[in-house]
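Asker: Test case, fold it:
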Amino acid sequence: TVNQIEIRHVGPTSVSDELIRANIQTKAGDDLSPAKVNQDIKNLLGTGYFHNVNIEWDRSDEGVTLTYSVQGKPTLTEIEFVGNEEIKPRKLKKKVTSVIGEPIDEKQLFTDALAIKELYEKKGYRETTVKYLPNVNEDRGQGSVTFEISESPKVRIREVNFEGSSAFKIKKLRKTIKTRDRWFFSWLTGSGVYKEDQFNEDREKLRDLYYENGYLDFAIKDVRFEYPKPDRMVITVEIFEGNQYRLGDLRVSGNETF
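Answerer: Numbering: from 1, shown residues only. Next up, the predicted model:
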């Protein structure tokens, strides 16, 4: 039988004992249950406040004393960016969901790094890499994080090609999509750089163009990205047109009133 439950903090105290006790199922007077104890560990880790949770037990004539040893996650005190020349820190901070004053969460930092990388990709810096580097002071229970950014050259689209197209001229297909090669007024329109979300919309526009003209079997078979130079991109879209279907007959059935 569980006689007593004790709480031990490893390092600085991050939360109150009351919060810890509120998240464990095992109570004094209960029969000792390994399954319930394992669930207690999951519950405590699930709060997001703890880096590590261990449970020790000591048996005596009165029963079992359970000791929950908890190590709190360090509190985030500072966020820095290194290597960002093309995008200002205030824009990068908008992509970061980690909050100063809250526990450092490795999964959240990983997600933040991906969000920063996606921002660079949308602006044409496709090969940019982003790493997060936490710096933790275990004694104080605090830590900072630095996002180390290695910016790649801005990749501009030199040409967009189509393979397998015969129903429409290449000029028509290029006008249908917004992903296009760089030209004189690209600085004004924002064109000339590859944007993943825009290219996905362009796929739908091509599909609509063919569907509206009877090519119901249309499909994009492949998309190739080639780099004749580190800062230049050639996009080749391989398409399957299939047959053009025309209306052969139109019938109405079930009409009695008219």
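
Asker: Could you point out which residue ranges in the protein have low pLDDT?
Answerer: Under the criterion of pLDDT under 70, the regions of the chain flagged as low confidence span 181-192.

Asker: what are the ranges of the helices in it?
Answerer: Assigned by DSSP state H, the chain shows helices spanning 17-22, 34-46, 89-93, 106-122, 170-176, 186-189, 196-212.

Asker: other SSEs contacting the second one?
Answerer: Put plainly, it is helix 34-46. strand 50-60, strand 63-72 (3 or more C-beta pairs under 8 Å, 6 or more residues apart in numbering; DSSP states H and E). Placement of C-beta: from N, CA and C, glycine included.

Asker: Out of the ones you listed, which is the most enclosed?
Answerer: Burial of the helices and strands packed on helix 34-46 is given as mean neighbour count (mean count of other C-beta atoms under 10 Å); strand 63-72 ranks first at a mean of 18.

Asker: List of residues touching that one?
Answerer: With contact meaning C-beta atoms under 8 Å, 6 or more residues apart in numbering, strand 63-72 is reached by 1-15, 20, 24, 26, 32, 37, 40, 44, 49-59, 103, 141.

Asker: Okay, now the sheet partners of that strand, with direction.
Answerer: The sheet places strand 63-72 alongside strand 2-9 (parallel), strand 50-60 (antiparallel), with pairing taken from DSSP bridges.

Asker: Out of the helices of the chain, flag the one nearest Val155.
Answerer: For those, proximity to Val155 was assessed by C-beta to C-beta; helix 106-122 is nearest, at 9.5 Å.

Asker: Could you list every helix and strand that that closest one packs against?
Answerer: Contact partners of helix 106-122 among helices and strands, from 3+ C-beta pairs under 8 Å, 6+ apart: helix 89-93, strand 129-137, strand 142-150, helix 196-212.

Asker: Now mean neighbour count too, for the ones you listed, in JSON lines please.
Answerer: Listed next are those as JSON lines, based on neighbours: other C-beta atoms under 10 Å:
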{"stretch": "helix 89-93", "mean neighbour count": "13"}
{"stretch": "strand 129-137", "mean neighbour count": "16"}
{"stretch": "strand 142-150", "mean neighbour count": "18"}
{"stretch": "helix 196-212", "mean neighbour count": "14"}
